[in-house]
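Asker: with the sequence up front, the predicted model follows.
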Amino acid sequence: MKIFFCDSVFDKKLVEPDYQNEFDSAKKCGFETHLFSYEETVDGDINEALKHISNCDKKEFGIYRGWMMKPKIYEIFYNGLLKKNIQLINNPAEYEHCHYLPSSYKKIAGETPKSNWTKNLSENSIIELTNEFGDKPIILKDFVKSEKHNWNEACFIPKASDNKNVINTVNRFLELRGDYLNEGIVFREFEELEFLTNHSQSGMPLTKEFRLVFLNKTLLQIYNYWDQGVYGNEKPDIDKFRQIADRIDSNFFTMDVAKKKSGGWTIMELGDGQVAGLPENADTTEYYEKIKTVYNNV
């Protein structure tokens, strides 16, 4: 199994500093580690991006660990490695399935807040969608990310029927996302979650959330989503989420779940496991040891 990391912008012989711990742990656990240029991949020069990765005589398998890629870029990356006889753990369709909420929504509907979405950013289209929520509070994001650290101005809308505030919030959101906007916008019914603490920098309310990591339908690890706040000993219903994971069209993905204020648990979102971050306090050596164990048992 090969693990592919982004190189450093300043020195292509070094790993991107934010992934240094993972890079070291992967090597320590016996994985082949390789560097490639994320920037050249995004710019469309895949041959240059992968020039330090050798062709394989027989098919080998790999996992990417690095920055998020838009699905079209991931497809270029995937195919570039495939030409070298290396197959990433998720094909382009599987990557998009968990990377874009609209792609996996049907798989988790009923276990996640009601959502709708559009690529049409006209005011009429936006108001038509938000009217479906009546007077309920809603959350705004794109197909991948929100501006949750700009909670009140670009994420949380207290009343979906307040058309003026909806448009103002969407405009601010689009301004902040800029060229990083993923496909379109998503509106989600706001679910009251169990309060944990307020973020030390942005003041955003943090709630009791966990990140579950699945590899080949096996629960690899469960992490506290936030590094702040006191979680206590409570954990989500793992058996329930294992059953849901069985129907997800991905070999390596994350499932973020949160405790509802009214009791029970809800799925916040899925993510491709190759681009989902680990908490700062995660034991990366333990993480890669578990990847090795699950992979070797397939």
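Answerer: Now that the structure is in, tell me what you want to look at.
Asker: so Thr285 sits against Lys27, correct?
Answerer: No. The criterion here is CB atoms under 8 Å, and Thr285 misses it with Lys27 at 10.3 Å. For the C-beta atoms, the positions are set from N, CA and C on the backbone; glycine is no exception.
Asker: ok, Val104 - contacts?
Answerer: Actually, residue 104 is Ser. It isn't Val. Ser104 is in contact with 97-98, 248-249, 270, counting by CB atoms under 8 Å, 6 or more residues apart in numbering.
Asker: just the buried residues from these, in PyMOL please.
Answerer: Under the burial definition 16 or more other CB atoms under 10 Å, those of the contacts of Ser104 that qualify are selected in PyMOL by:
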select buried, resi 97+98+248+270
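Asker: now, the contacts of Ser104 that are in strands?
Answerer: Leu270 (DSSP state E).
Asker: which among the contacts of Ser104 gets closest to Lys58?
Answerer: Closest approach to Lys58 among the contacts of Ser104 (CB to CB): Asp249, at 26.8 Å.
Asker: gap between that closest one and Thr197?
Answerer: 35 Å (CB to CB, to the nearest Å).
Asker: what ranges do the strands span in the stretch 51-200 of the chain?
Answerer: 60-65, 86-88, 115-118, 138-142, 156-157, 185-189, 195-198 (DSSP state E, counting those that start in this stretch).
Asker: return the distance of the shortest one from the chain's centre.
Answerer: Distance of strand 156-157 from its chain centroid, counting by CA atoms, centre = their mean, to the nearest Å, is 21 Å.
Asker: what pairs with it, parallel or antiparallel?
Answerer: Using DSSP bridges, strand 156-157 pairs in its sheet with strand 138-142 (antiparallel).
Asker: and the average pLDDT for the strand it pairs with is what?
Answerer: If you average the pLDDT over strand 138-142, you get 97.
Asker: my guess is Val166 contacts Ser125. True?
Answerer: No. Using CB under 8 Å, Val166 makes no contact with Ser125, being 11.6 Å away.
Asker: ok, these two, which is more surrounded?
Answerer: Neighbours per residue (other CB atoms under 10 Å) separate Val166 from Ser125, with Val166 holding more: 23 against 14.
Asker: next one, pLDDT for the closest residue to the more buried one other than its chain neighbours please.
Answerer: Excluding the flanking residues, the one nearest Val166 by CB to CB, 6 or more residues apart in numbering is Thr130, at 5.1 Å. Predicted confidence (pLDDT) for Thr130: 98.
Asker: quick one: contacts for Thr130?
Answerer: Residues near Thr130 by CB under 8 Å, 6+ apart: 138, 157, 160-161, 163, 166, 187.
Asker: what about 6 Å?
Answerer: Thr130 is in contact with 160, 166, 187, counting by CB atoms under 6 Å, 6 or more residues apart in numbering.
Asker: ok so, going back, the contacts of Ser104 into TSV, with extra columns for pLDDT and distance to Leu193?
Answerer: TSV is the format used below for the contacts of Ser104 (pLDDT from 0 to 100; distance: CB to CB, whole Å):
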residue	pLDDT	distance to Leu193
His97	98	25
Cys98	97	21
Ile248	97	22
Asp249	97	27
Leu270	97	17
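Asker: could the contacts of Ser104 be laid out in a markdown table, adding distance to Asn281?
Answerer: Output for those, formatted as a markdown table (distance: CB to CB, whole Å):
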| residue | distance to Asn281 |
| --- | --- |
| His97 | 29 |
| Cys98 | 24 |
| Ile248 | 26 |
| Asp249 | 31 |
| Leu270 | 23 |
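Asker: from the contacts of Ser104, pick the one nearest Phe10.
Answerer: Once CB to CB is applied, the member of the contacts of Ser104 that ends up nearest Phe10 is Cys98, at 31.3 Å.
Asker: ok, now how distant is the spatially closest residue to Gln274 that is not a sequence neighbour from His34?
Answerer: Spatial nearest neighbour of Gln274, chain neighbours left out: Tyr64 (4.3 Å); criterion: CB to CB, 6+ apart. Tyr64 sits 10 Å away from His34, going by CB to CB.
Asker: the two: who's more crowded?
Answerer: Tyr64 (27 against 19).
Asker: roughly how far apart are the more buried one and Ile53?
Answerer: For Tyr64, the distance to Ile53 equals 12 Å [CB to CB].
Asker: which parts of the stretch 1-150 of the chain are helices?
Answerer: 20-28, 38-42, 46-49, 71-82, 92-99, 101-108, 123-130 (DSSP state H, counting those that start in this stretch).
Asker: ok, the stretch 151-298 of the chain next?
Answerer: Using DSSP H, counting those that start in this stretch, helices in the stretch 151-298 of the chain cover 151-154, 163-177, 238-245, 284-296.
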